[in-house]
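Undergrad: Please find the sequence and the predicted model below.
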Amino acid sequence: MKQPLAYIHPAAKIAPSVVIDPFVTIDANVEIGEGTRIGSNVTIMEGARIGKNCRIFPGAVIGAVPQDLKFRGEDTTAVVGDNTTIRECVTINRGTAAKGKTVVGSNCLLMAYSHIAHDCIVGDNVIVANSSQLAGEVIVDNFAIIGGGTLVHQFCHIGAHVMIQGGALINKDIPPYVKAAREPISYVGVNSIGLRRRNFSNEAIREIQDIYRYLYLSRMNVSDALDAIEAELPATRERDEILLFIRNAKRGIIRGYV
């Protein structure tokens, strides 16, 4: 539905059922899927790709050029999946030559004033609470929840089903299925409540807890703990996911709370 008080570039590809409120700006090289609603004073810039049935609240800016001095105007995108809610004044920058795109998955909730920087990859069903800031090339896996006011260092990787307390400073990778809290950021247990809500069995949760006992309570170093987990615990999808995550952790993983 075209709004006469909005500016929409004629080359933008907008599905007929998209609702656009007054004072929206939509540039060229933008695509928006069926059923999405765009609130007033939203700016959608070149390279934005927005899926179906999204809700974008007033003041959000999607697809702005990266805040990266290495950016040289390359043709990149900012991709938002289906059914994602983007609240007031959220900013999502498009990618650089590093990855070529910034991605926010489907069924996500980005709360007010949160920032997704260039080349971030945010999975599906992720919640980023108010005023949290993701620096460049951060990866957030499916079903992670990031508490309000969290700051995430560039290149960090946050695993699936992780729960992070508000106000955290993240400078290490956070492996899957855990809760992270305190200062400095530390492992404080398995996110068992979240896992039960997502229909993980009690047996699977106990197996995940056993894995993290090796990592954080055994007094072994990380390398020895990983070897022991592989040798002594049965192979499961969750076990193998945790092992692969930690072995690929470029920044190292968060420590245990002492």
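TA: Right, received. Where do you want to start?
Undergrad: How far does stretch 19-31 stretch from one end to the other?
TA: End-to-end distance for stretch 19-31: 14 Å, by Cα to Cα, to the nearest Å.
Undergrad: Quick check: mean pLDDT of it?
TA: For stretch 19-31, the mean per-residue pLDDT is 97.
Undergrad: what number of residues lie near Lys250?
TA: Residues near Lys250, counting by other Cβ atoms under 10 Å, number 8. Any C-beta I mention is one placed from the backbone N, CA and C, and that applies to glycine too.
Undergrad: which residue sits closest to it, ignoring its sequence neighbours?
TA: Phe155 (6.4 Å; Cβ to Cβ, 6 or more residues apart in numbering).
Undergrad: cool, and Glu207?
TA: Per Cβ to Cβ, 6+ apart, closest to Glu207 is Thr236, 5.9 Å.
Undergrad: Give me the neighbour count for the one you found.
TA: Neighbour number of Thr236 under other Cβ under 10 Å is 14.
Undergrad: Pull up the distance across stretch 130-143, start to finish.
TA: 17 Å.
Undergrad: can you give me the strands for the stretch 101-250 of the chain?
TA: For the stretch 101-250 of the chain, applying DSSP state E, counting those that start in this stretch gives strands covering 101-104, 109-110, 115-116, 121-122, 127-128, 133-134, 139-140, 145-146, 151-152, 157-158, 163-164, 169-170, 178-181, 186-190.
Undergrad: Other residues contacting the second one?
TA: Read that as strand 109-110. Applying Cβ atoms under 8 Å, 6 or more residues apart in numbering, the contact partners of strand 109-110 are 84-87, 90, 92, 104, 116, 126-128.
Undergrad: again, but for the first one
TA: Identification of contacts with strand 101-104 by Cβ under 8 Å, 6+ apart yields 76-81, 84, 92-95, 110, 116-122, 126.
Undergrad: Partner strands of that strand, with direction?
TA: strand 77-80 (parallel), strand 121-122 (parallel) (DSSP bridges).
Undergrad: Following element in sequence after the longest one, please.
TA: I take that to be strand 77-80. Once strand 77-80 ends, the next helix or strand along the chain (criterion: DSSP states H and E) is strand 85-86.
Undergrad: So what are the sheet partners of the helix or strand that comes right after that next one and their directions?
TA: Sequence order places strand 91-93 as the next helix or strand after strand 85-86, per DSSP H and E. Using DSSP bridges, the strands paired with strand 91-93 are strand 61-64 (parallel), strand 115-116 (parallel).
Undergrad: Reformat those strands as TSV; add mean pLDDT.
TA: Below are those laid out as TSV (pLDDT from 0 to 100):
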stretch	mean pLDDT
strand 61-64	98
strand 115-116	98
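Undergrad: Quick one: closest of those strands to Ala28.
TA: Of all these, strand 61-64 sits nearest to Ala28, with 11.0 Å by Cβ to Cβ.
Undergrad: Return the alpha-carbon coordinates of that closest one using CSV.
TA: Output of strand 61-64 as CSV, limited to C-alpha atoms (Å, rounded to 0.1, in the frame of the first residue of the first chain):
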residue,chain,number,x,y,z
VAL,A,61,17.4,2.1,9.8
ILE,A,62,18.2,-0.9,7.7
GLY,A,63,20.9,-1.2,5.1
ALA,A,64,23.0,1.9,6.1
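Undergrad: neighbours of Leu244, just the number please.
TA: Neighbours around Leu244, by other Cβ under 10 Å: 11.
Undergrad: Adding mean neighbour count, write the strands of the stretch 101-250 of the chain out as JSON lines.
TA: Below are the strands of the stretch 101-250 of the chain laid out as JSON lines (neighbours: other Cβ atoms under 10 Å):
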{"stretch": "strand 101-104", "mean neighbour count": "24"}
{"stretch": "strand 109-110", "mean neighbour count": "22"}
{"stretch": "strand 115-116", "mean neighbour count": "25"}
{"stretch": "strand 121-122", "mean neighbour count": "23"}
{"stretch": "strand 127-128", "mean neighbour count": "24"}
{"stretch": "strand 133-134", "mean neighbour count": "23"}
{"stretch": "strand 139-140", "mean neighbour count": "24"}
{"stretch": "strand 145-146", "mean neighbour count": "24"}
{"stretch": "strand 151-152", "mean neighbour count": "20"}
{"stretch": "strand 157-158", "mean neighbour count": "24"}
{"stretch": "strand 163-164", "mean neighbour count": "25"}
{"stretch": "strand 169-170", "mean neighbour count": "18"}
{"stretch": "strand 178-181", "mean neighbour count": "22"}
{"stretch": "strand 186-190", "mean neighbour count": "19"}
